[in-house]
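In: after the sequence you'll find the predicted model.
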Amino acid sequence: MWRDHLTEIIVFTALFLLVSVMGFVAARWRAPRDMAHLDEWGLGGRSFGGWITWFLVGGDLYTAYTFVAVPALMFGAGAAGFFAVPYTIVIYPLVFLVLCRLWSVSHRHGFVTPADFVRSRFDSPVLALVVAITGIVATMPYIALQLVGIEAVLKTMGVTGESALARHLPIIIAFAILAAYTYQSGLRAPALIAFVKDTLIYIVILVAVLWLPQKLGGWGSIFDAAEAKFAASPNPNDGILLNANNQLQYVTLAFGSALALFLYPHSITGVLASRNRDVIKRNMSALPAYSLVLGLIALLGFMAIAAGVKPLPGSSAGSVDSNTVVPVLFDQQFPDWFAGVAYAAIGIGALVPAAIMSIAAANLFTRNIYKEYLKRDATPAQEANVSKITSLVVKVGAVACIVFLDPQFSIDLQLIGGVIILQTLPAVALGLYTRWFHRGALVAGWAAGMGLGMWMLYQIPNPATKRAHFGGSAFPLGDFGFDTKKTIYVGIVAVLVNLVVAALVTLALRAARVAEGTDGTTRDDYFADEGDPRVTPGATRGADAAPEPAA
Amino acid sequence: MSASEPEEPGSASSRAKDHSPWNWLLFIPIVVPLIPVFFNADSPRVLGFPRFYWLQLAYILLGVATTTLVYRLTKKRGDR
């Protein structure tokens, strides 16, 4: 069966090998004086300019899984899947100023992770540990999902096998190569590969949106075909427009996802690797170019409907793997060689975020668990080494998740991940603006938000897949006792409860005069920029938090 | 989390960098794309796209224009 796809496989493999070579060569790109330092391995020397940051952060946020899952959602549910567009529009104005503050304070103090900041700001290793573990738990399934993206492509090319091992061998090899060059080159590898990934994605999407509508009778008939499909389906919540019941879900999901995105450790890694505040601000205006691409990719789901695509069968009998919708569309509509290019774009699109995510998770472990609890006096070289090894462990874990567990488990975890990472918002994002919250209250709020969020997700069934729990993120308000059929995004409710609890406990702890610790940062830290004598220049200065006595 | 969070008092020189009234403009592309009554309709269609799709894609331009404008307007105020 794979013989029918030989051209696609050859093009895919050739491009894959090309980026693998680039990954290894990346260690010498903008070569550091000393790679044995977390600032170099884990943050690319904190020296990336506007273009590199644009490719890196774009390659980081808009992942292969997004490119596969969003059109799959459009294919299955219609308009509700388009939330990805408002989500990636509101995100940039929302964090425009916030990220600059984070950049400044992080560079002054040599922070590598969001938990580093929290530790210093609130003088609380416990809160930092909570933030670090939340970050790692939220990131791990995200890495596993990148493999789901690659697998959808491999499956369409007919690269499958009888046993579980044979079926997964290609992604095991792919991740072994990825792990090797990430180990060697650190953040420089995904930064360099992102150029190829994003270029391929832009080419593929440009061709797809210009050429496919002509073949399918124009945009108008594509939307009409989708409308006809949803009108015929029994599901009341699909359609090419939203209905009265899912509008609130759509808006809160877009807003909640936007709040969550830059709390993910891998997004922050990309931001901290930039050279100065100006690079960040300019990127906030330039990154929406990817949102346009994402919007057009989402519409591939409707093109698949118009083209009569049938997704390939899923892992269990009778189910379909909706993630194969876009690969099958490409297979049907594009010449073989160009379908190969498109598949390579998705495959390489999985490598860039997977590398950055594993680096971010490894940095969190190194800085906030290893250095905090296991080896206080770790040198920068030891830190870099621990981080490199942890990044390998993280990738092995991600592959194991996909090989040994049902991929649905990773999808569930990713759904949970978005909700739980939001619970670090009061400590990390609001913490950049105010130290009003008590450190103990932030832990209490986090626990309340986590508990409520998990309970709500557990309650949500999915009739389409016949699952009783973790069926989605849309919580019916009727379950709270309201007389309505409207649904709302779980994360928003959980984070609001988190904030309320944190505020109330802050008042209580303050009344009880519980010690608040000292702020390791000063007001001035939040405005520092490149050229400031106290901004950590990276290679020449230690990455220890607060190199000077904190005021 | 919002763009113009209230700030504890500080020296005038450091305030100038992040605190400009122009920053309030950033609320426009945060709020407008999240109001469904504006975009949740089929007509008018543009190039075959229902309003739901073309308008939300057009909001990308609103976001880019606003962040670019704020960047330019606040840049002269001592921030590089």
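Out: The structure has been received and is ready for your questions. Residues are numbered from 1 along each chain as shown, chains lettered A, B, ... in the order given.
In: got the contact list for the residue nearest to A:Val105 when sequence neighbours are not counted?
Out: With CB to CB, 6 or more residues apart in numbering or on different chains as the criterion, A:Val105 has its nearest non-adjacent residue at 4.6 Å, and that residue is A:Asp525. Placement of C-beta: from N, CA and C, glycine included. Residues near A:Asp525 by CB atoms under 8 Å, 6 or more residues apart in numbering or on different chains: A:Ser104, A:Val105, A:Arg108, A:His109.
In: now do A:Leu299
Out: Counting by CB under 8 Å, 6+ apart, the residues that A:Leu299 touches are A:Pro71, A:Met74, A:Val209, A:Ile222, B:Tyr53.
In: which residue in the residues you listed has the weakest pLDDT?
Out: Lowest pLDDT of these: A:Val209, 86.
In: now do the helix or strand harbouring it: distance to the chain's middle.
Out: According to DSSP states H and E, A:Val209 maps onto helix A:188-215. Chain-centre distance of helix A:188-215: 19 Å, with CA atoms, centre = their mean, to the nearest Å.
In: just checking, what packs against it?
Out: helix A:6-25, helix A:50-61, helix A:164-185, helix A:288-306, helix A:325-333, helix A:336-365 (3 or more CB pairs under 8 Å, 6 or more residues apart in numbering or on different chains; DSSP states H and E).
In: lowest average pLDDT across those?
Out: With a mean of 83, helix A:164-185 has the lowest mean pLDDT of those.
In: give me the angle between it and helix A:336-365.
Out: With axes from the mean of the first three to the mean of the last three CA atoms, to 10 degrees defining the directions, helix A:164-185 sits at 60 degrees from helix A:336-365.
In: burial count for the residue of the stretch 351-500 of chain A found nearest chain B?
Out: Across the stretch 351-500 of chain A, the shortest distance to chain B (CB to the nearest CB) belongs to A:Tyr433, at 4.3 Å. As a burial measure, A:Tyr433 scores 18 neighbours (other CB atoms under 10 Å in any protein chain shown).
In: likewise for A:Tyr373?
Out: The burial count for A:Tyr373: 10, using other CB under 10 Å.
In: residues in contact with it?
Out: A:Tyr373 makes contacts with A:Leu129, as judged by CB under 8 Å, 6+ apart.
In: which pLDDT value belongs to it?
Out: The per-residue pLDDT reported for A:Tyr373 equals 87.
In: that one and A:Pro125: what is the separation?
Out: A:Tyr373 sits 8 Å away from A:Pro125, going by CB to CB, to the nearest Å.
In: what about the residue nearest to A:Leu73 when sequence neighbours are not counted, distance to chain B?
Out: Using CB to CB, 6+ apart and skipping the chain neighbours, the partner closest in space to A:Leu73 is A:Gly81 (3.3 Å). Here A:Gly81 is placed at a distance of 12 Å from chain B (CB to the nearest CB, to the nearest Å).
In: what do you get for A:Ile171?
Out: As judged by CB to the nearest CB, A:Ile171 and chain B stand 33 Å apart.
In: tell me how many other residues surround that residue.
Out: 24.
In: for it, what are its contacts?
Out: Counted by CB under 8 Å, 6+ apart, A:Ile171 has contacts A:Leu147, A:Ile150, A:Glu151, A:Leu154, A:Val399, A:Ile402.
In: quick check: the third one touching A:Ile402?
Out: Yes: look at A:Glu151 against A:Ile402 with CB atoms under 8 Å: they come within range, at 7.3 Å.
In: check the offset of the one helix or strand B:Val64 maps to from the chain's centre.
Out: B:Val64 belongs to helix B:51-75 when elements are defined using DSSP H and E. Relative to its parent chain, helix B:51-75 has a centroid offset of 6 Å by CA atoms, centre = their mean.
In: surely A:Tyr181 touches A:Ala189?
Out: Yes: contact criterion CB under 8 Å: A:Tyr181 and A:Ala189 qualify, at 4.9 Å.
In: returning to that earlier point: can you report phi and psi for the residue nearest to A:Val105?
Out: With angles defined as degrees, to the nearest 10, A:Asp525 sits at phi -60, psi -30.
In: and what of A:Gly78?
Out: Dihedral angles for A:Gly78 - degrees, to the nearest 10 - are phi 80, psi -140.
In: quickly list what it is bridged to.
Out: For A:Gly78, the beta-bridge partners are A:Gly239 (DSSP bridges).
In: count the neighbours of it for me.
Out: A:Gly78: 25 neighbours (other CB under 10 Å).
In: pLDDT value on it, please?
Out: pLDDT, read off for A:Gly78, is 88.
In: my guess is it contacts A:Pro236. True?
Out: No: contact between A:Gly78 and A:Pro236 fails when scored by CB under 8 Å: they sit 11.8 Å apart.
In: list the contacts of the residue in chain B positioned nearest to chain A.
Out: Chain A sits closest to B:Gly48 of chain B, with a gap of 3.2 Å, by CB to the nearest CB. B:Gly48 is in contact with A:Pro213, A:Gly218, A:Trp219, A:Gly220, A:Ser221, A:Ile222, A:Phe223, counting by CB under 8 Å, 6+ apart.
In: ok, of those, which come out buried?
Out: With burial judged by 16 or more other CB atoms under 10 Å in any protein chain shown, the buried subset of the contacts of B:Gly48 is A:Pro213, A:Trp219, A:Ile222, A:Phe223.
In: between those, which is nearest chain B?
Out: A:Trp219 (3.2 Å).
In: setting aside sequence neighbours, what's the nearest residue to that closest one?
Out: B:Gly48 is the one closest to A:Trp219 (CB to CB, 6+ apart), at 3.2 Å.
In: can you check A:Leu212 too?
Out: Using CB to CB, 6+ apart, the closest residue to A:Leu212 is A:Met303 (5.3 Å).
In: quick one: the helix or strand encompassing A:Ala400 to helix A:336-365, angle?
Out: Per DSSP H and E, A:Ala400 falls inside helix A:380-404. Computed by the same axes, to 10 degrees, the angle separating helix A:380-404 from helix A:336-365 equals 130 degrees.
In: for helix A:380-404, packing partners?
Out: Secondary elements touching helix A:380-404 (3+ CB pairs under 8 Å, 6+ apart): helix A:38-41, helix A:125-156, helix A:164-185, helix A:336-365, helix A:407-422.
In: buried set for it?
Out: Using 16+ other CB under 10 Å as the test for burial, helix A:380-404 gives A:380, A:382-388, A:390-392, A:394-395, A:398-399, A:401-403.
In: what of stretch A:266-273?
Out: Quick answer for stretch A:266-273 (16+ other CB under 10 Å): A:His266, A:Ser267, A:Ile268, A:Thr269, A:Gly270, A:Val271, A:Leu272, A:Ala273.
In: then stretch A:490-509?
Out: Within stretch A:490-509, the residues that qualify as buried are A:490-495, A:497-499, A:501-503, A:505-506, A:509, counting by 16+ other CB under 10 Å.
In: with only the CA atoms kept, save it in PDB.
Out: In PDB, the C-alpha atoms belonging to stretch A:490-509 read as follows (Å, rounded to 0.1, in the frame of the first residue of the first chain):
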ATOM      1  CA  VAL A 490     -13.700  25.400  31.700                       C
ATOM      2  CA  GLY A 491     -10.400  27.200  31.900                       C
ATOM      3  CA  ILE A 492     -12.100  30.600  32.300                       C
ATOM      4  CA  VAL A 493     -14.300  29.500  35.200                       C
ATOM      5  CA  ALA A 494     -11.400  27.700  36.900                       C
ATOM      6  CA  VAL A 495      -9.100  30.800  36.700                       C
ATOM      7  CA  LEU A 496     -11.800  33.100  38.000                       C
ATOM      8  CA  VAL A 497     -12.300  30.900  41.000                       C
ATOM      9  CA  ASN A 498      -8.500  30.700  41.400                       C
ATOM     10  CA  LEU A 499      -8.400  34.600  41.500                       C
ATOM     11  CA  VAL A 500     -11.200  34.900  43.900                       C
ATOM     12  CA  VAL A 501      -9.700  32.300  46.300                       C
ATOM     13  CA  ALA A 502      -6.300  33.900  46.000                       C
ATOM     14  CA  ALA A 503      -7.800  37.300  46.800                       C
ATOM     15  CA  LEU A 504      -9.800  36.100  49.800                       C
ATOM     16  CA  VAL A 505      -6.900  34.000  51.200                       C
ATOM     17  CA  THR A 506      -4.600  37.000  50.700                       C
ATOM     18  CA  LEU A 507      -6.800  39.100  52.900                       C
ATOM     19  CA  ALA A 508      -7.000  36.300  55.500                       C
ATOM     20  CA  LEU A 509      -3.300  35.700  55.600                       C
END
